[in-house]
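Peer 1: Sequence below, structure please.
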Amino acid sequence: MTIHLNTQSDLDEAIEALVKTDPRLRPVLEMAGMPALRRREPGFAGLAAIVCGQQLSTSAAAAIWGRVSKTFDPFHHDRIKSARTDHLGRLGLSAAKIKSLKTIARELSAGRLNLDVLAEEDADAAHNTLTALHGIGPWTADIYLLFCLGHGDAWPAGDLAVQEAMRIGLGLKARPGVKEMQPLAEPWRPLRGAAAHLWWAYYHAVKKREGVPVSDKASKTESAKRRTATPAGPHAGRRKTVPKRKGAKAVKPAI
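Peer 2: Residues are numbered from 1 along each chain as shown. A predicted model of the protein is given here:
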């Protein structure tokens, strides 16, 4: 049975269950405190907002999504499906994001995609359904399942903040990559989504203790040691990424 994190009480109970199952999480919870439940709008609007914000700073993403949602109010997949590409481009959407939104809109309109049923599916199956769509990567799929649908077992294995928090909290020698993150989270099924909330809260607590602003949207532990982080992406200067190992794909934190 799929567990949902629809209320703060749901998350509290899930965190307590995790700590009982895995004693290693007790000191993590003691430092982080009980995390607050984070939810976003579900449905096409929620997924579209995440797509619009991919690889952008928080302020830039908010500005673009503000223009898009205001222009298409009420926001419905049929309106995006029929919208002119040049019109969407003038709102600030890249060609790749326009293609992604139109693909999702067509799938919804044709009935080949039902976002509501994903909340009841196995987390891995729901993840695979979303990543089969053009422009929906693993991080986007997991963030949608977790924040928009409240899926209790969604696991954002590619999130930098979760990776860095686990490196510190579990005493790992190096920040785990996506492949390492999957087996590390196995003991937390079917509550991996609750574990993600805990690790984000822990990341905030660690950075606060170190005096590092969490608004920087990236782990600074390795960059502070190596001083080798470089600006990345279309928002260079706003956040930094840490060096990644060969074959690893770094994804911005969802914090």
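Peer 1: Point to the residue nearest the middle of this structure.
Peer 2: Nearest residue to the geometric centre of the chain (Cα atoms, centre = their mean): residue 143, 3.4 Å.
Peer 1: Domain ranges for the protein, per the record?
Peer 2: Here the domain parsing of the chain from automatic domain parsing is 8-37+154-241, 43-148.
Peer 1: hang on, the earlier thing: wait, isn't the residue nearest to the centre of the chain in contact with residue 155?
Peer 2: No: between residue 143 and residue 155 there is no contact under Cβ atoms under 8 Å: 10.8 Å. Any C-beta I mention is one placed from the backbone N, CA and C, and that applies to glycine too.
Peer 1: Name the helix or strand for the residue lying closest to residue 175 once chain neighbours are set aside, please.
Peer 2: Spatial nearest neighbour of residue 175, excluding adjacent residues (Cβ to Cβ, 6 or more residues apart in numbering): residue 167 at 4.5 Å. Per DSSP states H and E: residue 167 is located in helix 160-169.
Peer 1: In CSV, could you pull the C-alpha coordinates for that helix?
Peer 2: Output of helix 160-169 as CSV, limited to C-alpha atoms (Å, rounded to 0.1, in the frame of the first residue of the first chain):
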residue,chain,number,x,y,z
LEU,A,160,22.8,17.5,-4.2
ALA,A,161,21.6,18.6,-0.8
VAL,A,162,20.3,15.1,0.1
GLN,A,163,23.5,13.6,-1.1
GLU,A,164,25.7,15.9,0.9
ALA,A,165,23.5,15.6,4.0
MET,A,166,23.8,11.8,3.8
ARG,A,167,27.6,12.1,3.4
ILE,A,168,27.8,14.0,6.6
GLY,A,169,25.1,12.3,8.6
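Peer 1: Give me the mean pLDDT for whatever helix or strand comes next after it.
Peer 2: Later in the chain than helix 160-169, the nearest helix or strand by DSSP H and E is helix 178-185. Average pLDDT, helix 178-185: 97.
Peer 1: Contacts for helix 178-185, please.
Peer 2: Residues outside helix 178-185 that contact it (Cβ atoms under 8 Å, 6 or more residues apart in numbering) are 138, 155, 157-158, 162-163, 166, 170, 176, 192, 195, 248-249.
Peer 1: of the residues you listed, closest to residue 45?
Peer 2: Here the nearest of those to residue 45, counting by Cβ to Cβ, is residue 138; it sits at 21.2 Å.
Peer 1: Now the buried members of the contacts of helix 178-185.
Peer 2: 138, 155, 157-158, 162-163, 166, 176, 192, 195, 248 (16 or more other Cβ atoms under 10 Å).
Peer 1: nearest to residue 186, of these?
Peer 2: Taking the buried ones among the contacts of helix 178-185 together and measuring to residue 186 by Cβ to Cβ, the closest member is residue 192, at 8.6 Å.
Peer 1: excluding its backbone neighbours, what's nearest the closest one?
Peer 2: Distances taken as Cβ to Cβ, 6+ apart put residue 155 closest to residue 192, at 3.9 Å, once the chain neighbours are dropped.
Peer 1: Can you classify the one you found by secondary structure?
Peer 2: Secondary structure for residue 155, judged by DSSP: H, G, I helix; E, B strand; the rest coil, is coil.
Peer 1: roughly how far apart are the residue nearest to residue 175 and residue 119?
Peer 2: According to Cβ to Cβ, to the nearest Å, residue 167 stands 31 Å off from residue 119.
Peer 1: still on that earlier bit, number of residues surrounding the residue nearest to residue 175?
Peer 2: 18 (other Cβ atoms under 10 Å).
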